[in-house]
Each structure stands twice: as C-alpha cells, then as structure tokens.
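Peer 1: Return a 3D structure for these sequence lines:
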Amino acid sequence: MERLLVSVIVPVYNGERYLSAALESIFAQDYHPFEVIVVDDGSVDSTAAIAKSFKSVQYIYQTNQGIANAMNRGIDAAGGELIAFLDQDDLWTPNKLRLQVDYLVNHPEIQYAISLVKFFLEPGCSVPPGFKTELLEKEQVGRIPGALMARKSLLALIGQFNAEFTIASDADWFARAKDSNIPWAVIPEVLLHKRVHNTNVSSNARLNNKELLALLRKSIARQQKSTQE
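Peer 2: Numbering: from 1, shown residues only. As a prediction, the model looks like this:
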C-alpha cells in the first residue's frame, strides 16, 4: 500500500478535560506516517501544556476565532496529501487512518471517505437539550469531520470551512461537496466514538437550527445557479 502522509488536525478550545485521550487515540493508530496539528483557539486552561506534552505534536495558537477558523488554520499548515480531523473530546479506533487511506489509495476517483460513528454519553452527564437520544442506540453514518478523510486537493477545489457558521461549518462543507457532485464513499465500520456531554458546542439547538436553515438556503441557491448555467 502506498504510504501517503496524513495530516491530522485537532481544533481545540479549553480542552484540558478530554484532549489527552483524543491525542492518545491518534497516536495509537496502526498506520504511519501521519502528522498531528493541534490548533488552540485561544484556550485559557492547560490545553497548551497537554498538547505540548506529546513531543511530535505541532502546536499552533490563535486568538479565539471559532472552530472553522481553527480547522482552516490547520489545513493551511498541513503537509499531507490526505487530511483528517478529530475533535478534542472524541476518540478514534486504532484502524481509522489505515482503512481510510487504503480505500482512497485503491479508489483514486473517490475524493473523500467517511465512516460510521458511535455516539456515547459521558458518564455523569445528562443528555443535552436538543440531542436525539436515538443516536445513542446504534451507529450512524458520520457526516462530521471526525469521521472524514479528504484529499487536500479537494479542500482547495471546493473551499475550506465557512467561518460564517459557529456550529454548522462542517454541515455546510458537506453540502458544498454534495452540490459539486464530488465522489465520496462510506467505510462501513465504526471508526469514531463521539462523546456526548453537557458542553458540546452543537448542543445549542436554537443556533444550530438557525445555521442549518441558512446553509440549506445557500445550497438551494447553488443548485439553482447550476441548473441555469
């Protein structure tokens, strides 16, 4: 198998509670080579010390600008042909990178691959308002950055994450990929364990719904423009 470099981007804000576990799940991967880029979005806790305790981590600090900006900063710094993301509070299975790299190498027409994801509730936490409890019952297709591996060339083609969105920049990115008819695939295996807890950014249901409506409007406008061309 061709050994492509994967750039793993970890956007983090005040992530001291979970960051070590997330990074450990990256360094437990059974695929190499990869680089890990932690983009600290203005944390005021011990995030920096934790990130720097992993010797091979590339640590980047920026003033607080939101998760989309943090992911984009990581993309700009990435040296890999393939890009993957992991949120500060989530966990990968050890075969995550290997399975996705193998698929993309063997299917050069496919521009990005996602996987199944299993949500789990953090012990001692209640289900956040607006979270659908049925998501905890079985694995889901993960149209989220933590389940994604994309060719860096694709990010140059359709653009990075839209910083206009506080929560839904990832949903907007997937919508743009869909509207551009980008070939993609699902690895039919759980490669991401997504932690559900009281401080999840996406638990802000009102803002999330507002942004989803805005990106839907943008998607409809792109599709209408495409049919007129």
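Peer 1: wait, doesn't N72 sit right on G159?
Peer 2: No - using Cβ atoms under 8 Å, N72 is not in contact with G159; the gap is 9.5 Å. From N, CA and C alone the C-beta is placed, and that goes for glycine too.
Peer 1: quick one, which of the two is more surrounded?
Peer 2: Neighbour tally, N72 and G159, criterion other Cβ atoms under 10 Å: the higher count belongs to N72, 22 against 14.
Peer 1: Now name the helix or strand holding the more buried one.
Peer 2: Assessed by DSSP states H and E, N72 sits inside helix 67-77.
Peer 1: how about that helix: buried residues?
Peer 2: For helix 67-77, a neighbour-count test (16 or more other Cβ atoms under 10 Å) marks I67, A68, N69, A70, M71, N72, R73, G74, I75 as buried.
Peer 1: again, but for stretch 79-91
Peer 2: Burial within stretch 79-91, assessed by neighbour count using 16+ other Cβ under 10 Å, is assigned to G80, L82, I83, A84, F85, L86, D87, Q88, D89, D90, L91.
Peer 1: Confirm for me that the last one is in contact with S20.
Peer 2: What it means is L91. No - contact criterion Cβ under 8 Å: L91 and S20 do not qualify, at 11.2 Å.
Peer 1: which regions of this structure lie under the pLDDT threshold?
Peer 2: Along the chain, segments meeting pLDDT under 70 span 1-2, 200-208, 211, 226-229.
Peer 1: Which residues are in contact with the residue nearest the centre of the chain?
Peer 2: The centroid of the chain falls nearest to P145 when counting by Cα atoms, centre = their mean (2.0 Å). By Cβ atoms under 8 Å, 6 or more residues apart in numbering, the residues touching P145 are M71, F85, L86, D87, D170.
Peer 1: let's see it at 6 Å
Peer 2: For P145, the contact set (Cβ atoms under 6 Å, 6 or more residues apart in numbering) comprises F85, D170.
Peer 1: now do the one 3 residues further on
Peer 2: L148 sits next to I114 when contact means Cβ under 6 Å, 6+ apart.
Peer 1: how far away is it from L154?
Peer 2: 10 Å (Cβ to Cβ, to the nearest Å).
Peer 1: try Y61
Peer 2: Using Cβ to Cβ, Y61 is found at 27 Å from L154.
Peer 1: in this protein, which spans are strands?
Peer 2: Using DSSP state E, the strands assigned to the chain run over residues 6-12, 34-41, 57-62, 82-85, 91-92, 112-121, 140-141, 149-151, 184-196.
Peer 1: Distance to L99 for these - can I get that in JSON lines?
Peer 2: Shown next, in JSON lines, are these (distance: least, Cβ to Cβ, whole Å):
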{"stretch": "strand 6-12", "distance to L99": "12"}
{"stretch": "strand 34-41", "distance to L99": "14"}
{"stretch": "strand 57-62", "distance to L99": "23"}
{"stretch": "strand 82-85", "distance to L99": "12"}
{"stretch": "strand 91-92", "distance to L99": "11"}
{"stretch": "strand 112-121", "distance to L99": "8"}
{"stretch": "strand 140-141", "distance to L99": "15"}
{"stretch": "strand 149-151", "distance to L99": "9"}
{"stretch": "strand 184-196", "distance to L99": "5"}
